[in-house]
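Chemist: Here's my sequence, what's the structure:
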Amino acid sequence: MTSYVVPVIDVQNDNFKELWPAILLSIKTSSFIAVDTELSGLGNRKSLVADSIEDRYKAICHAARSRSILSLGIACYKKQDEKAADTYLVQVYNLTLLCSEEYIIEPQSVQFLVQHGFDFNKQYASGIPYCKGNNKGGTDDRGVHIRALFTELLRAKKPLVLHNGLIDMAFLYQCFYAHLPERLATFTADLTEMFPAGIYDTKHVTKFELCFTASYLEYAYKKCKLDNSRALTSGGNGPHVRLEFCQYAGHMSSYVDYRDCPAVSTSREGRADICQCYAVCGWCTNGTKCPLSHDTERIILWHENDTKKSKRKRKRQQERKGGGDPESKVPHMEVDDAPDDQQRAPESLADGEEEEEEEEEKEEKTTTTTTTEEEVHRDDGDVGRGADQPADGPKKNPDSGLHRAGFDAFMTGFILAHACALTKRDGASEQQQQQEQEQQQLPSCLNKVYLSRKTVSLNVVKSSFSKSSKAHLQKMEMVWGPGA
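Modeler: Purely as a prediction, here's the structure:
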């Protein structure tokens, strides 16, 4: 299985100007850009999953206006067209930020971030300052600061990739762009013009395109990594991606945090001690006090094993009903024609199969019961990527390392790269496939942003009944020039 080390460049106020040219080059030459944020809080959690999408948007706006972004992760994926297979050069940046205005910071968010290595002393000492809302003096396109960087990201016209990204996009808009519009339709109209190359939400991709059993970020990344490693180790015949990273030498190496990504182990099978709640939604009400395993790799293997058992069970049921694959059946023989010691009812199971099926049914009942009890929490584990966690926070895996916006952005980008490799059109010419890859075409996922507890995602389009906001139109003139 494949393992690699991901260099994450730590960007602070004292080295931001030095790293500015490299960050801009990474953005401008990328094929797509993955982004993740760490937030100071989200406010009322129940409002964020209200039945009305408009009510959800109002709650998100309130959170974005009163809270702030503490850290911004940017992962630039550049497709290496001259290389075999889908090879990407990946550059990852973790920017520590400091809002210059008053904002709310929630205790549970602080606890979660501290448990995962976030250094608040460093943030207040050397965070990159910024002001929220509309322009302060109309200088967003000049100088070296975070709002100017966001403007450059827009000018690059690259696909934007997020995981469960509605909240992230609202915070990015409010913190680095302009005051959020009052209506959701106006907000989505603005987004379509801000990101003409499209927005991809890997939560939607993994849930509706790849159909993973679970779709929280760590699970989705490790599942994609495991599947990708299997394709590589099986001769590289299946669809897969390869990653390359820059080598940093001299004083630049002092800015880099190297994140070790060992191969996903396939020897952690078993389900007896797995936390069912964490397996389903990526967090647990007991936090670090939970006596059960929160090992994501083990959860993935358990899900895969359960899927295989379910397929075997369905196949046996079909065969008993006469609906199985004719080629897989024994040549036709009436029961009475068989020797006496081999006669049995056609629907009975072979030795050992009955015990296996009873065991599978017992496990299935246990899993179903536990999942139903936690159904109200389904999909909440990605809301704010941790800011909504209980005070105790989730149990950290032994190899999980620090919880950082930069590495989360890297994981988000890897999921999209893997999904693009898997969904290449069969029968398409090499030129057509290359063109689709350059455009990052996942047609069914383009501009679809995941909505927790909803069976459909939010379609980010400009409705004929909605106009762009006035603040956005003014910003567009600054970004693209008059007449944009």
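Chemist: isn't residue 78 right next to residue 31, touching?
Modeler: Yes - applying CB atoms under 8 Å as the test, residue 78 and residue 31 come out as touching, 5.6 Å apart. To be clear about C-beta, it is placed using only N, CA and C from the backbone, and glycine gets the same treatment.
Chemist: which residues do these two both contact?
Modeler: Any residue near both residue 78 and residue 31 by CB atoms under 8 Å, 6 or more residues apart in numbering counts here, and that gives residue 88.
Chemist: quick one: the strands in this structure?
Modeler: 4-11, 32-39, 69-79, 86-99, 128-130, 160-162, 199-201, 241-245, 256-261, 448-449, 458-459 (DSSP state E).
Chemist: Pick out whichever of residue 78 and residue 31 has more residues nearby.
Modeler: residue 31 (23 against 16; other CB atoms under 10 Å).
Chemist: Could you check the pLDDT of that one?
Modeler: Residue 31 carries a pLDDT value of 95.
Chemist: who's the residue nearest to it when sequence neighbours are not counted bridged to?
Modeler: Leaving out its chain neighbours, the residue that sits closest to residue 31 by CB to CB, 6 or more residues apart in numbering is residue 79, at 4.2 Å. With DSSP bridges as the criterion, residue 79 is bridged to residue 88.
Chemist: now swap in residue 32 and tell me
Modeler: Going by DSSP bridges, residue 32 forms beta bridges with residue 77.
Chemist: now the strands of the chain in CSV, with distance to residue 220?
Modeler: Listed next are the strands of the chain as CSV, based on distance: least, CB to CB, whole Å:
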stretch, distance to residue 220
strand 4-11, 16
strand 32-39, 13
strand 69-79, 15
strand 86-99, 17
strand 128-130, 29
strand 160-162, 12
strand 199-201, 11
strand 241-245, 15
strand 256-261, 15
strand 448-449, 15
strand 458-459, 19
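Chemist: To residue 115, which of those lies closest?
Modeler: Nearest to residue 115 among the strands of the chain is strand 32-39; the distance by CB to CB comes to 12.7 Å.
Chemist: could you check the angle strand 69-79 makes with the closest one?
Modeler: Relative orientation of strand 32-39 versus strand 69-79 (axes from the mean of the first three to the mean of the last three CA atoms, to 10 degrees): 170 degrees.
Chemist: Just want the angle from strand 32-39 to strand 86-99.
Modeler: 30 degrees.
Chemist: any idea how far the nearest residue to residue 191 once chain neighbours are set aside lies from residue 226?
Modeler: Among residues not flanking residue 191 along the chain, residue 460 sits closest, at 5.3 Å (CB to CB, 6+ apart). To residue 226, residue 460 is 30 Å away according to CB to CB, to the nearest Å.
Chemist: same thing with residue 107?
Modeler: 36 Å.
Chemist: If you count surrounding residues, which of those two has more?
Modeler: Using other CB under 10 Å as the criterion, residue 107 and residue 226 rank with residue 226 on top: 20 against 9.
Chemist: Run a quick neighbour tally on the residue nearest to residue 444 when sequence neighbours are not counted.
Modeler: Distance criterion CB to CB, 6+ apart; nearest residue to residue 444, sequence neighbours excluded, is residue 209 at 6.1 Å. Residue 209 has 16 neighbours, counted by other CB under 10 Å.
Chemist: hang on, residue 209 packs against residue 442?
Modeler: Yes - using CB under 8 Å, residue 209 is in contact with residue 442, at 6.6 Å.
Chemist: Which neighbours do these two have in common?
Modeler: Contact criterion CB under 8 Å, 6+ apart; residues shared by residue 209 and residue 442: 419, 423.
Chemist: Tell me the confidence at the residue nearest to residue 31?
Modeler: 93.
Chemist: Surely the residue nearest to residue 191 is in contact with residue 451?
Modeler: No - with contact defined as CB under 8 Å, residue 460 does not count as touching residue 451 (11.6 Å).
Chemist: what's the overlap in contacts for these two?
Modeler: Joint contacts of residue 460 and residue 451 (CB under 8 Å, 6+ apart) do not exist.
Chemist: more neighbours, the two?
Modeler: Set residue 460 next to residue 451 and count neighbours by other CB under 10 Å: residue 460 wins out with 22 against 19.
Chemist: gap between the more buried one and residue 198?
Modeler: From residue 460 to residue 198 the distance is 8 Å (CB to CB).
Chemist: how about the CA coordinates for stretch 228-237, as PDB?
Modeler: Extracted in PDB, the C-alpha atoms of stretch 228-237 (Å, rounded to 0.1, in the frame of the first residue of the first chain):
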ATOM      1  CA  ASN A 228      -6.300   4.300  -4.900                       C
ATOM      2  CA  SER A 229      -3.500   2.200  -3.200                       C
ATOM      3  CA  ARG A 230      -5.300  -1.000  -4.200                       C
ATOM      4  CA  ALA A 231      -5.400   0.100  -7.800                       C
ATOM      5  CA  LEU A 232      -1.700   1.000  -7.700                       C
ATOM      6  CA  THR A 233      -0.500  -2.200  -6.100                       C
ATOM      7  CA  SER A 234      -2.600  -4.300  -8.500                       C
ATOM      8  CA  GLY A 235      -0.400  -3.300 -11.400                       C
ATOM      9  CA  GLY A 236      -1.800   0.200 -11.900                       C
ATOM     10  CA  ASN A 237      -4.400  -1.000 -14.400                       C
END
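Chemist: quick revisit: contacts only, for the residue nearest to residue 444.
Modeler: By CB under 8 Å, 6+ apart, the contact set of residue 209 is 419, 423, 442, 444-445.
Chemist: Phi first, then psi, for the residue positioned nearest the centre of the chain.
Modeler: The structure's the chain has its C-alpha centroid closest to residue 163; by CA atoms, centre = their mean the separation is 3.6 Å. The phi/psi pair for residue 163 (degrees, to the nearest 10) reads phi -120, psi 120.
Chemist: Correct me if wrong: it contacts residue 413.
Modeler: No - shown here, residue 163 and residue 413 do not form a contact pair, counting by CB under 8 Å, at 9.7 Å.
Chemist: what is residue 256 paired to in the beta sheet?
Modeler: Going by DSSP bridges, residue 256 is paired in beta bridges with residue 9.
Chemist: Which of the strands of the chain comes out lowest on mean pLDDT?
Modeler: Among the strands of the chain, strand 256-261 carries the lowest mean pLDDT (a mean of 87).
Chemist: Quick one: residues in contact with it.
Modeler: 3-10, 94, 225, 248, 399, 401-402, 404, 406-407, 410.
Chemist: Throw the contacts of residue 209 into CSV and include distance to residue 188, thanks.
Modeler: As requested, the contacts of residue 209 are arranged in CSV below (distance: CB to CB, whole Å):
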residue, distance to residue 188
419, 23
423, 25
442, 19
444, 18
445, 16
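Chemist: May I ask which two of those residues are separated the most?
Modeler: Most distant of the contacts of residue 209, by CB to CB, are 419 and 444, 10.6 Å apart.
Chemist: Between those two, tell me which one has more neighbours.
Modeler: residue 419 (22 against 11).
Chemist: who's in contact with the more buried one?
Modeler: Contacts of residue 419 (CB under 8 Å, 6+ apart): 202, 205-206, 209-210, 224, 442, 445.
Chemist: By neighbours, which of those residues wins?
Modeler: residue 202 (31 neighbours).
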